[in-house]
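J.: Here is my input; please provide its structure:
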Amino acid sequence: MITILIHIANQEPIMAEVEEMPLPSDAVLVFHNPRKRDGKDIHFLLEGVTTVMWPWVHINFVEVIPSEQDEEVIGFFRE
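T.: Residues are numbered from 1 along each chain as shown. Below is the predicted model:
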């Protein structure tokens, strides 16, 4: 699963997971386990909802959150 932060027009961002990156031809973004950035429930979704389909026309942009496995620490090295 890939963790993303979805910026929806006139709403607070939603953190969620997607199984794979969406294609340019997709009309909706399908994501799982929607929550606020702090992990709290989203007030306009029913309790227990685990999968949401959101139309792209209402999404400003999506951030892909790197997993701990993907992160590679690169620092300065002095001899």
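J.: for stretch 55-68, which positions count as buried?
T.: Ile59, Val62 (16 or more other C-beta atoms under 10 Å). Every C-beta, even on glycine, is put in place using the N, C-alpha and C of the backbone.
J.: List of residues touching stretch 32-49?
T.: 1, 5, 12-19, 50-52 (C-beta atoms under 8 Å, 6 or more residues apart in numbering).
J.: try it again with 7 Å
T.: Glu12, Pro13, Ile14, Met15, Ala16, Glu17, Thr50, Thr51, Val52 (C-beta atoms under 7 Å, 6 or more residues apart in numbering).
J.: What subset of these is buried?
T.: Pro13, Ile14, Met15, Ala16, Val52.
J.: Which residues lie in contact with the third one in this structure?
T.: It stands for Met15. Thr3, Leu5, Arg35, Lys36, Arg37.
J.: Going by distance to Ile59, which of those wins?
T.: Closest approach between the contacts of Met15 and Ile59, by C-beta to C-beta: Leu5, at 11.1 Å.
J.: which intervals of this protein have sub-threshold pLDDT?
T.: 68-79 (pLDDT under 70).
J.: ok, for Glu19, nearest residue in space, not its chain neighbours?
T.: In space, and not counting its chain neighbours, Glu19 is closest to Met1: 6.4 Å by C-beta to C-beta, 6 or more residues apart in numbering.
J.: Was I right to think the one you found contacts Met21?
T.: No - taking contacts as C-beta atoms under 7 Å, Met1 lies outside contact range of Met21: 11.5 Å.
J.: all strands for this structure, in order.
T.: 2-8, 14-18, 28-35, 51-55, 59-64 (DSSP state E).
J.: want to throw these into a markdown table with distance to Phe44?
T.: Shown next, in a markdown table, are the strands of the chain (distance: least, C-beta to C-beta, whole Å):
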| stretch | distance to Phe44 |
| --- | --- |
| strand 2-8 | 11 |
| strand 14-18 | 10 |
| strand 28-35 | 10 |
| strand 51-55 | 11 |
| strand 59-64 | 15 |
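J.: ok, the spatially most central residue of the chain to Pro34 distance?
T.: With distances taken as C-alpha atoms, centre = their mean, Ile4 lies nearest the centre of the chain, 2.2 Å away. To Pro34, Ile4 is 10 Å away according to C-beta to C-beta, to the nearest Å.
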